[in-house]
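Engineer: Sequence below, structure please.
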Amino acid sequence: MAEIQKTVSLQFEFFRGIPVDLESDDFFDPKKRNMIILDDLMSTSAKDSRINELFTEGSHPRNLSVVVLNQNLYFEMDPTQRRNCHYLVLFNNPIDRLPVMTIGRQMYPSKSDFYLQKFEESTSRPYGFLLVDLKPGKTESSRLRTDVLQTGNGVDTSEEMEGHDSSDTESTASDIMDDREDLLACRDCGLVFAHYRDLEDHNCRTKSIRLPISGEALEGILRETSATVCRADDLPAYVSDRPKTFVVNTDNCNQEGTHWVVFHFPISGPPDFLYSLGGPETYQHHFRKVLIVNGPQYRFSRCPIQPDFSETYGLYCAYYMKMRCQSIKIGYVLNDFSSVDLDANDIKLIALFSF
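Structural biologist: This next block holds a predicted model:
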């Protein structure tokens, strides 16, 4: 404990077991942001009504966050605590995966395989974890996340949940603000803060690039490459001069691009098609014709790497182009992004292309 006290600057106290005077009005100062961490007390806290009270109505008046570290989510635990959590952080326990499977069946009774796939992807690395966001206002597309305090460490290996209605995952401005308040991270540089006021006062040295990105701005980013920035109508039906790359604005080229896609035609072999929201060339019928004429085989990404509410399409195209110029294939480029924590992908690219 003495060693921990030397390395932590925040004021804190250690208690053996649950404090006797936990219910006292002066145990926490509501004028300060408080946190209580219950470490390996599952047999005790499960039977203590005071802990249940913290999970229901006792934390808000005290300006208190409650963190519980348990080996088993279902060990004699009153479901009140589990059902009132805002977040579950799940790590891999090879000897007992039944609790994880139980959560999957409860949350996704008809699609538990989707949940288990996300868990396996998130915990495939040592100390990897899956964060389950249980806040009622959270969109389904952001409910399962990993690496929430890191950027650029994800691996793109997943498929989206089949039959998922995109209308259910449409995000609003308030959802985006909720994400920022949850993580308290600067969207420009990725720096994480303990308090929201610190984030507001943060004077990041980088200036965020304007989004959505225009054709002129994208040409500036790609000026050292051979990419051609154009609108969809200007995409040639047949490409004879190879290698050739087109970064295509599906809006007017001189306007801010809501959607940008990339076509890369190598000297030999199948062309690449990149759409950061995932999906094949059927985004536009014209795109399919171009790929077949110049293929007929071609590569594309099935999995989204960009949040559906963001306007960063152009940055994903620019990143792909930068990597492709180094002869890095599309599969390896996609592996630079997380298939679970899509917000982290955005943070990474915004920081990378800020100026």
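
Engineer: drop to CA atoms for contacts and neighbour counts, all remaining ones
Structural biologist: Fine.

Engineer: Least confident secondary structure element in this protein?
Structural biologist: Least confident helix or strand of the chain, by mean pLDDT, DSSP states H and E, is helix 173-183 with a mean of 41.

Engineer: Could you tell me the end-to-end distance of stretch 34-48?
Structural biologist: 20 Å (C-alpha to C-alpha, to the nearest Å).

Engineer: Okay, buried residues for that stretch please.
Structural biologist: Residues of stretch 34-48 classed as buried: 38, 41-42, 45-46 (neighbour count, 16 or more other C-alpha atoms under 10 Å).

Engineer: Let me have the residues you listed in CSV, extended by secondary structure, distance to L315 and pLDDT.
Structural biologist: Shown next, in CSV, are the buried residues of stretch 34-48 (DSSP: H, G, I helix; E, B strand; the rest coil; distance: C-alpha to C-alpha, whole Å; pLDDT from 0 to 100):
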residue, secondary structure, distance to L315, pLDDT
L38, strand, 42, 84
L41, coil, 46, 78
M42, helix, 46, 73
S45, helix, 48, 72
A46, coil, 48, 68
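
Engineer: just the strands in this protein please.
Structural biologist: In the chain, strands defined by DSSP state E lie at 34-39, 64-69, 87-91, 129-133, 144-145, 228-231, 244-249, 260-265, 272-274, 299-300, listed in chain order.

Engineer: Looking at stretch 48-57 now, give me its mean pLDDT.
Structural biologist: In this model, stretch 48-57 carries a mean pLDDT of 77.

Engineer: mind checking the end-to-end distance for that stretch?
Structural biologist: Using C-alpha to C-alpha, first and last residues of stretch 48-57 are 15 Å apart.

Engineer: next one: stretch 226-237 to chain centre, how far?
Structural biologist: Relative to the chain's own centre, stretch 226-237 is displaced by 31 Å; criterion: C-alpha atoms, centre = their mean, to the nearest Å.

Engineer: go on, stretch 303-311?
Structural biologist: How far stretch 303-311 lies from its chain's middle: 9 Å, per C-alpha atoms, centre = their mean.

Engineer: give me the low-pLDDT residue ranges for the chain?
Structural biologist: Along the chain, the model assigns pLDDT under 70 to residues 1-10, 43, 46-47, 74-78, 147-209, 251-258, 280-284, 354-355.

Engineer: what do you get if the cut-off is 50, keeping everything else the same?
Structural biologist: 150-183, 188, 205-207, 355 (pLDDT under 50).

Engineer: how about the helices in the chain?
Structural biologist: With helices called from DSSP state H, the chain shows them at 2-7, 42-45, 49-53, 79-83, 98-107, 112-122, 173-183, 196-201, 215-221, 285-294, 313-324, 330-334, 342-353.
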